[in-house]
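Asker: Dropping the sequence and predicted coords here.
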Amino acid sequence: MGGNVRTAEKTVSEEVDLATSGKEEARQAWFTIGDLAREFDVTLRTLRFYEDKGLLNPRREGLNRIYNRRDRARLKLVLMGKRVGFSLTEIKEMLDLYDLRDGQMTQLRVALKKFNEQIGILEAQKRDCELALDELKTTVDVVASMLKSREAAKAS
């Protein structure tokens, strides 16, 4: 599990740092809407929706949207946040905290609090799912037994 934590830490930290750095390479890396849609297996409509919600901010060249590394990193974080159950509003709040320029302290504190809360929610859902599975398996055993008894009675 420690490897997963380091991988997540590296992914989040390096993606956001690279995306928001002033390095020449970061400024030269551009993506079309199609590039990001293919890379992250999302629809063009999804990317336009995220733009409407203020999660992404591509620049425009005529009718074309041009995304930079920062947009790509934000998209990656949005999708990760959605995957673990955060609403788009919660994700936007956490992403917007990055722009406070306080050394990310506020963002990290808020994110840590929200992550721990979400872990609690997911663990409760996991327990509920495990109970539902146990009940369903018991019901399957009872129904299978009833069916077997009735088939045996009908055969005799």
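Answerer: Ah, there it is. Treat the numbers as computed from the prediction; the structure is a model and nothing was measured.
Asker: now the helices for the chain?
Answerer: 2-20, 24-28, 33-40, 44-52, 69-83, 88-97, 105-155 (DSSP state H).
Asker: Geometrically speaking, which residue is the centre of the protein?
Answerer: The chain has M80 as the residue nearest its centroid, 2.2 Å off, counting by C-alpha atoms, centre = their mean.
Asker: sorry, back to before: L63 is nearest to which of the helices of the chain?
Answerer: When the helices of the chain are compared for distance to L63 using C-beta to C-beta, the nearest one is helix 33-40, at 10.6 Å. Where you see a C-beta, it was placed from the backbone N, CA and C, and this is true even at glycine.
Asker: Point out the other elements, helices or strands, that that closest one touches.
Answerer: helix 44-52, strand 64-68, helix 69-83 (3 or more C-beta pairs under 8 Å, 6 or more residues apart in numbering; DSSP states H and E).
Asker: Report the angle between it and helix 44-52.
Answerer: Helix 33-40 runs at 110 degrees relative to helix 44-52, counting by axes from the mean of the first three to the mean of the last three C-alpha atoms, to 10 degrees.
Asker: now helix 33-40 against strand 64-68, angle please.
Answerer: 50 degrees.
Asker: what mean pLDDT would you report for helix 33-40?
Answerer: On average, the pLDDT along helix 33-40 is 95.
Asker: Keeping just the C-alphas, turn it into CSV.
Answerer: Only the C-alpha atoms of helix 33-40 are listed here, as CSV (Å, rounded to 0.1, in the frame of the first residue of the first chain):
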residue,chain,number,x,y,z
ILE,A,33,-9.7,18.4,-27.2
GLY,A,34,-9.5,15.2,-29.2
ASP,A,35,-6.0,14.4,-27.7
LEU,A,36,-7.4,14.6,-24.2
ALA,A,37,-10.6,12.8,-25.0
ARG,A,38,-8.6,9.9,-26.4
GLU,A,39,-6.0,9.9,-23.6
PHE,A,40,-8.5,9.9,-20.8
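Asker: Give the buried residues for that helix.
Answerer: Using 16 or more other C-beta atoms under 10 Å as the test for burial, helix 33-40 gives 33, 36-37.
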